[in-house]
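Participant: build me a structure from this.
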Amino acid sequence: MTQRTFDESERISHAEAFAMIARALRYVGPFKARFVVKVLLVVISIVPFLFLPFPIKIVIDHVIVGVPIGQEVTPYPFFVQPFIDFLAHESRLGILLWSAFAQFVVLILLGSIGTTGRERDVTQGSLAQGQDTATQSENEANFGGSLMGGLLGLIEYRWTIRLTQDLNHHYRTQLFERIQTLPMRAFDDERIGDAVYRVMYDTPTITAVCLRLLITPITSPLAIATYIWMMTLLYGSHPLIVWSAVAFLPITLLVTLPFAAALRRRGERSRKAGATTTSSVEEGVTNMLAVQSLGGEGRERDRFEGDSAESFTKFRAILLVAMGAILVVSLALTYVIAQVFLAIGGAIIDGTLSVGDLAVLLPYFFTIALSSLSLGELWIQLQEKTAGLNRVFFLMDAPSDTDPPNAIVLPPLRERLVVESIDYAYTEGVSALRNVSFETRVGQVTAFAGPAGAGKSTLAYLIPAFIQAQAGRVLIDGTDIATATRESLRAQVAFVFQETVLFDATVEENIRMGRPDATELEIRRAAEAAGATEFITRLPNGYQTQLGRAGGKLSVGQRQRLSIARALVRDAPILILDEPTSALDPETEQRLVHSLREASRTRVVIVIAHRLSTIREADQILFLQDGMIVERGNHIDLIRRPDGAYRHFVELQTSGVG
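Facilitator: Alright, predicted model coming up:
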């Protein structure tokens, strides 16, 4: 393929990043009600913290300093005043005990006491993670958290973790389903590990982006407005303190903006390197036997070592950019914080603020500052995520096998299959089939023969529309398959591929996969016809024996026989077998050939084979060479041609001459 299916640019512009982020928000649709509840829980969490600092202020001003209640420098807000009125006639000890009780109640509800972050609990849970994109993506898919601790925090935490897991589960399932609809050759030039990485580690970026975009822009401005209102109400004569906290927003946004593009590029490179590492693991495990037989363990270890080191290196590049942004922001904000502390200290010294006011001002100031910081750094936080979004959306937007407009449901084949003037070329321009035509009917066995690379498998792939011809038609009972739905077409075809495909399931489940509602009797008949019954009965648990990954517990011939049984039990009107006897012994092969003859009574049977013993009994043999049918007929007719291509093909097999 000249255009790589999974290719995408590392350079994502600001406009493209914005468009992808906006698109990610549309994926919230099925979960919008649950997101509304999450936002409400975060909004609710703002209110209790308004009260949190006042028990400490009461203790400092009225217990430690001894200021009588009613003579405080600054007034108490309306929601604290009833508690102050209740304490008006209490002794210092009474004020201390009641304030401690109030803090205890807050501790139970919020998990927080005091006025600093070290005395304030939050509810969060995460998996163990390393310094790489993959493990951190797993945390995004399983994130649960709340700004509160205590009972309220536990409720929000549980709600959040269910929401993030369900959201990620929903969309990685969608992406996996999308992969299943890609053209058969979509992965010819690609590493399977890349697709695995996208499904497992790129999809959580949707969760992360949606959470940040739906919560931060709503809750942060609300928190800022609420706390500014309270600070203005209580300390309106000190505007420097109020507006210094708000200044965190523009400072953070302006200072981090130049780092956005660099973070996007490094995020893309990190994810590509992680996908390469995943591919190395997948290929190394899949091809373990070949690696060991060739003595390539050392080379594979070195290859994986290099890929793994590269993935960590690329992730550290993300951290380097992020640390640079944090450093620049910190320098700018340190100056602001220093001015605020000087202003507060001066106000306490000149008596316009009490020592207890410090316990209120600091948490209020830092709540506004941190909310402003969250809002200001939102854009830079999303930049690395856009790389993951780009990789997910690219795969979702890749061309897939879709039904044509106004597609019809193809009725079951009754009489014949016709291929008319087919031309097919790969995207590189290499011609595979040229002006190929043939007809086969129910009751016939048709064999495709010819040298390797002649186009036999390509021709077979056209029948179930695994690939689409550039010219010509495939007709089933006169209906062009290009006008039919893929589902109704492929329901007509049972295909045994040249490379056997089995799953980590039982023998019965593997055979039944072609037809889930098959009866036990039908499964055993199919196994018998495929010559598989004898070895199945010798397995430890017979038909209930687990086969392991890709049927690893079976020999090549046994795996091939199970694949044939799966196709036979499907009972489709078109049966196509690509090299079905290549790993069978002569006796089993003869039984299979006889079974195919029996199956052809109600089916169209097409066999691709090199072995003469498999194809000689076919009703018609199509001999392909260089993408064209150069001869056709039965074995006797073709063998009589003195200089025929088929006869030469047979002579090479029977005489052993190369």
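Participant: could you point out the helix or strand that follows whichever strand or helix holds residue 358?
Facilitator: Using DSSP states H and E, residue 358 falls within helix 357-376. With elements assigned by DSSP H and E, the helix or strand that comes after helix 357-376 is helix 378-397.
Participant: helices of the stretch 351-500 of the chain, start to end?
Facilitator: 357-376, 378-397, 456-462, 486-490 (DSSP state H, counting those that start in this stretch).
Participant: so which of those is nearest residue 620?
Facilitator: Residue 620 lies closest, by CB to CB, to one member of these: helix 456-462, at 13.8 Å. Every C-beta, even on glycine, is put in place using the N, C-alpha and C of the backbone.
Participant: any idea of the mean pLDDT in the closest one?
Facilitator: What helix 456-462 shows for mean pLDDT is 90.
Participant: could you do stretch 159-168 as well?
Facilitator: On average, stretch 159-168 scores 83.
Participant: out of the helices of the stretch 351-500 of the chain, the one nearest residue 424 is which?
Facilitator: helix 456-462 (6.1 Å).
Participant: just checking, what packs against that closest one?
Facilitator: strand 416-425, strand 431-441, strand 445-449, strand 574-578, strand 604-608 (3 or more CB pairs under 8 Å, 6 or more residues apart in numbering; DSSP states H and E).
Participant: quick one, which of those strands is nearest to residue 360?
Facilitator: Across those, residue 360 has its closest neighbour in strand 416-425 (76.6 Å, CB to CB).
Participant: give the next helix or strand downstream of whichever strand or helix holds residue 206.
Facilitator: Element membership for residue 206 (DSSP H and E) is helix 204-235. Remark: after helix 204-235, the chain's next helix or strand is helix 239-246, criterion DSSP H and E.
Participant: where does the chain dip in pLDDT?
Facilitator: 1-11, 110-150, 184-191, 237, 286-294, 427-429, 549-552, 582-583, 655-658 (pLDDT under 70).
Participant: domain parsing of it, as residue ranges.
Facilitator: Domains of the chain are assigned by automatic domain parsing as 14-397, 416-492+600-658, 497-571.
Participant: identify the residue nearest the geometric centre of the protein.
Facilitator: residue 199 (2.0 Å; CA atoms, centre = their mean).
Participant: for the residue sitting furthest away from the middle of the chain, what are phi and psi?
Facilitator: Distance from the C-alpha centroid of the chain, by CA atoms, centre = their mean, peaks at residue 89 (63.8 Å). In terms of degrees, to the nearest 10, the main-chain angles of residue 89 are phi -100, psi 10.
Participant: cool, and residue 69?
Facilitator: Per degrees, to the nearest 10, the backbone of residue 69 is at phi -60, psi 130.
Participant: residues near the nearest residue to it once chain neighbours are set aside, how many?
Facilitator: Excluding its sequence neighbours, the residue lying closest to residue 69 (CB to CB, 6 or more residues apart in numbering) is residue 88, at 5.0 Å. The number of residues packed near residue 88 is 10, by other CB atoms under 10 Å.
Participant: any chance you could map the strands in the stretch 251-400 of the chain?
Facilitator: Counting by DSSP state E, counting those that start in this stretch, no segments of the stretch 251-400 of the chain form strands.
Participant: the longest helix along the chain packs against which elements?
Facilitator: Across the chain, the longest stretch assigned as helix under DSSP state H is helix 297-349. Judged by 3+ CB pairs under 8 Å, 6+ apart, the packing partners of helix 297-349 are helix 133-141, helix 239-246, helix 248-256, helix 260-286, helix 357-376.
Participant: among the domains of the chain, which is nearest residue 403?
Facilitator: domain 416-492+600-658 (4.8 Å).
Participant: determine how far that closest one lies from the middle of the whole chain.
Facilitator: 39 Å (CA atoms, centre = their mean, to the nearest Å).
Participant: how about residues contacting stretch 59-71?
Facilitator: Stretch 59-71 is contacted from outside by 72-73, 84, 87-88, 92, 95-96, 99, 354-356, 358-359, using CB atoms under 8 Å, 6 or more residues apart in numbering.
Participant: again with stretch 202-210
Facilitator: For stretch 202-210, the external contacting residues (CB under 8 Å, 6+ apart) are 21, 24-25, 27-28, 35, 137-138, 140-141, 143, 164, 167-168, 171-172, 175, 271, 382, 385-389, 391-392.
Participant: try it again at 6 Å.
Facilitator: The set of residues external to stretch 202-210 that reach it, using CB atoms under 6 Å, 6 or more residues apart in numbering, is 21, 24, 27-28, 137, 140-141, 164, 167-168, 171-172, 175, 385, 388-389, 391-392.
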